[in-house]
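Visitor: Build me a model from this:
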Amino acid sequence: MKMFRHLSSIALAAALVAGAGPARAADFEWKLFTPFTANDKPTLLYREFAADVEKASGGRLKIGVFSSAELPYKNSDALKIVATNQVEMADVAIGPVSGDVPDLNVFVLPFICTSMDQFYKAADAALPVINQRLSDKFGVTGLTMWTMPPQQIWLTKGLDSISELKGRKIRTWNRTQVEMLDLMGASGVAITPAEVIPSLQRGVVDGAITAAIPAYDWKFYEVLGFGYMLNFTMTDQIIAVNSAQLAALPADVAKALTDTAAAWQGRFREAITQAAIDAEKKLQEKGLKLLTPSDADIKEARDITRPMWEAWAEKNGDTAKDLLTKVSSACAG
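Guide: The predicted structure follows:
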C-alpha cells in the first residue's frame, strides 16, 4: 500500500508538470537602450524596471535592457533610434539630443533647478509640454522623468570663493556649461568620458563637471582633491517609447507598462538619492574634500548666469518660453 501511494504521488506530480507545459513565451519582446554602461546604477535600475513590467504584464511584455557597450549607439542617438523603431524604448536625456529639440533643453539652464525636490515638481509641469513636441515631431512618448544628482565642479585645487575659478580649465559636456564657465572667468573644455581621467592626470584640465555618482565611479579621488558643490543644474532623463509601438499593445499590456513607468519615477528618485549620498560619503572617505559655497558665492553665480535663461527662451521660441515659465515657477515654489 505504501508503495502504491508513493507511485501515485509521482504520477500526480508528473501529470501536473505535463499539464503546466512549457513557460509561456512573451507576446511582445522589446529593446530598451540606455547610454550608461553595463554596471552603472541607472542600467541596473532599468533592468529592475524591465522585470517589473514583465511581471505586471503577466509575462506578455518582455523588455531587454541594453547598455552603451551592447548596442552601437551614443547618448545623442537615443531619441532618433526610438523614433525610427530601431529600439522600442530608450533612456533619453534631453541635453545630448538637444540638437534635435533645442526648445526642450530647459533643465540645462544653470541654477533653474538645484535639488531633487525642485526637479520632480518641475518634471510634472514640464512632461506634458515635452511630450507634445516629441509626439508631433518624432512619434515618441515620454512615460516618466527622473534625474541624476545635481552637477558639481570637481577640482585639482581648492578655492575660497567663486572668483577663484577664474583662469581654470574645466571639462564640460555641453555648450551651456561652457557659457556658464565663461561668465565666471573659467574655460570649458570638451573631453569624452574615456579621456577625462588621462586629461586630469596630464594637467590638460584643472577639473571636471559631473554628479557625485560618476565622480566616485570614475575614481576622481585618485586625481582630484576637491568638489565644489554648487548644485548648479540637473539632468532630465526620460523613459521614452515609440508611440506607434505603445499604441499597438493590447490595452491591458499598455496599462501595465505605463503604470509601472509612473511608479518607477519614485523608485529612481529614491535609489539615485541614496546612491548620491553614498557616493559623497565614499569620496570623502577616500580623502576628497567637498566644499560648500557661501550664500554670497551662490548668489553671485545665479546673478551672473540668470541672463542665459531669457536668451535661451528668446532663441528657441514659444515652446521654450512656455517651459521656462513652468519650470522656473515650479523650481522656485
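Visitor: Could you identify the helix or strand that succeeds the lowest-mean-pLDDT helix or strand in the chain?
Guide: Every helix and strand in the chain was compared by mean pLDDT, DSSP states H and E; the lowest is helix 2-20, with a mean of 44. Of the helices and strands lying after helix 2-20 in sequence (DSSP states H and E), the nearest is strand 28-33.
Visitor: Show me which positions of the following helix or strand past that next one end up buried.
Guide: As assigned by DSSP H and E, the chain's next helix or strand after strand 28-33 is helix 41-56. For helix 41-56, a neighbour-count test (16 or more other C-beta atoms under 10 Å) marks 41-47, 49-50, 52-54, 56 as buried. C-beta coordinates here come from the backbone N, C-alpha and C atoms, glycine included.
Visitor: What distance do you get for Ala122 to Glu29?
Guide: 35 Å (C-beta to C-beta, to the nearest Å).
Visitor: Ala215 now?
Guide: Distance from Ala215 to Glu29, by C-beta to C-beta: 36 Å.
Visitor: higher neighbour count, those two?
Guide: Ala215 (24 against 11; other C-beta atoms under 10 Å).
Visitor: wait, Ser187 sits on Thr172?
Guide: No. Using C-beta atoms under 8 Å, Ser187 makes no contact with Thr172, being 9.2 Å away.
Visitor: Compare those two (neighbour count), which wins?
Guide: Thr172 (24 against 17).
Visitor: how about that one, what does it touch?
Guide: Contacts here follow C-beta atoms under 8 Å, 6 or more residues apart in numbering; on that basis Thr172 touches 178, 181, 188-190, 209.
Visitor: Ser294 too?
Guide: Counted by C-beta under 8 Å, 6+ apart, Ser294 has contacts Ser161.
Visitor: pLDDT score for it?
Guide: Looking at Ser294, its pLDDT is 95.
Visitor: so how far is Leu181 from it?
Guide: Distance of Ser294 to Leu181, computed by C-beta to C-beta: 19 Å.
Visitor: With Val140 instead?
Guide: 32 Å.
Visitor: again with Pro35
Guide: Distance of Pro35 to Leu181, computed by C-beta to C-beta: 24 Å.
Visitor: got it, and Gly95?
Guide: Distance from Gly95 to Leu181, counting by C-beta to C-beta: 16 Å.
Visitor: Excluding chain neighbours, give the residue nearest to Pro42 in space.
Guide: Spatial nearest neighbour of Pro42, chain neighbours left out: Phe36 (4.6 Å); criterion: C-beta to C-beta, 6 or more residues apart in numbering.
Visitor: for that neighbour, what are its contacts?
Guide: 42-43, 67-68, 91.
Visitor: TSV for those residues, including distance to Leu79 and pLDDT?
Guide: Formatted as TSV, those follow (distance: C-beta to C-beta, whole Å; pLDDT from 0 to 100):
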residue	distance to Leu79	pLDDT
Pro42	17	92
Thr43	19	94
Ser67	17	93
Ser68	15	86
Asp91	11	97
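Visitor: more neighbours, Val140 and Leu181?
Guide: Neighbour count, other C-beta under 10 Å: between Val140 and Leu181, Val140 has more, with 26 against 23.
Visitor: Look up how far Lys80 lies from the most centrally placed residue in the chain.
Guide: Nearest to the mean C-alpha position of the chain, by C-alpha atoms, centre = their mean, lies Gln237 at 3.8 Å. As judged by C-beta to C-beta, Gln237 and Lys80 stand 17 Å apart.
Visitor: and what of Pro110?
Guide: For Pro110 relative to Lys80 (C-beta to C-beta), the value is 27 Å.
Visitor: Who has more neighbours out of the two?
Guide: It is Pro110, of Pro110 and Lys80, that has more neighbours when counted by other C-beta under 10 Å, with 23 against 16.
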